[in-house]
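Participant: no sequence on this one, just coordinates:
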């Protein structure tokens with residue numbers, strides 16, 4: 001990755017719909033060269049595609065729940081089954097395996113209501129073997145971003 005690639009991904013993180021002609025002018029290369037760079041970034045797995053950010057409040061998904069799960073076993077078979085179960089629920093928008101005390105997995109769940117979350121929780125309880133479960137409901141969202149922190153890449157490019 002070089003400075004031009006860095007500039008491309010930095011700009012696309014904030015405006016993925018920017019026309020190629022405008023993006024090529026901003027980074028100082030031709031549209032063809034830009035297109036080729038985008039293709040290489042996709043082939044390398046750096047660019048995974050474009051997404052549209054939707055307003056969850058406007059779409060009646062006001063409830064954000066963080067579900068912590070502690071499990072008694074961590075066998076490969078359990079993990080595989082867990083992955084299949086969480087894939088079945090579109091309400092689950094993030095899943096993280098954790099280290100440290102408190103829980104083994106953290107799920108972020110979006111629902112239209114507490115009642116809808118209760119239905120979801122009863123369903124997932126019947127499908128996952130766990131030792132404990134803890135629910136936390138977000139009262140407000142202080143910060144949300146899909147943009148990755150890339151300053152370390154710029155620092156590395158500057159030292160070359």
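Facilitator: Received it, and whenever you're ready, just let me know what you need. Computed from a predicted model, the values in this text were never measured in an experiment.

Participant: phi and psi next, for the most centrally placed residue in the chain.
Facilitator: The centroid of the chain falls nearest to residue 94 when counting by C-alpha atoms, centre = their mean (6.4 Å). Backbone torsions for residue 94, taken as degrees, to the nearest 10, come to phi -150, psi 150.

Participant: where does the residue lying closest to it once chain neighbours are set aside land in three-state SS?
Facilitator: Of all residues not flanking residue 94 in the chain, residue 108 sits nearest, at 3.9 Å (C-beta to C-beta, 6 or more residues apart in numbering). In this view, the C-beta of every residue, glycine as well, is placed from N, C-alpha and C. For residue 108, the assignment made with DSSP: H, G, I helix; E, B strand; the rest coil gives strand.

Participant: residue 108 touches residue 61, doesn't it?
Facilitator: No: counting by C-beta atoms under 8 Å, residue 108 stays clear of residue 61, with 11.6 Å between them.

Participant: among these two, which residue is more densely surrounded?
Facilitator: Using other C-beta atoms under 10 Å as the criterion, residue 108 and residue 61 rank with residue 61 on top: 18 against 15.

Participant: measure residue 7 to residue 150 for me?
Facilitator: Going from residue 7 to residue 150 by C-beta to C-beta, to the nearest Å gives 10 Å.

Participant: kindly apply the preceding question to residue 159 instead.
Facilitator: Distance from residue 159 to residue 150, by C-beta to C-beta: 15 Å.

Participant: same question for residue 86.
Facilitator: Distance, residue 86 to residue 150, by C-beta to C-beta: 28 Å.

Participant: tell me which of these two has more neighbours.
Facilitator: Legend: neighbour count by other C-beta under 10 Å for residue 86 and residue 150, higher for residue 86 (18 against 12).

Participant: strands of this structure, start to end?
Facilitator: Assigned by DSSP state E, the chain shows strands spanning 63-70, 92-97, 105-111, 132-137.

Participant: next, the angle from the first one to strand 132-137.
Facilitator: I take that to be strand 63-70. Angle, strand 63-70 to strand 132-137, by axes from the mean of the first three to the mean of the last three C-alpha atoms, to 10 degrees: 160 degrees.
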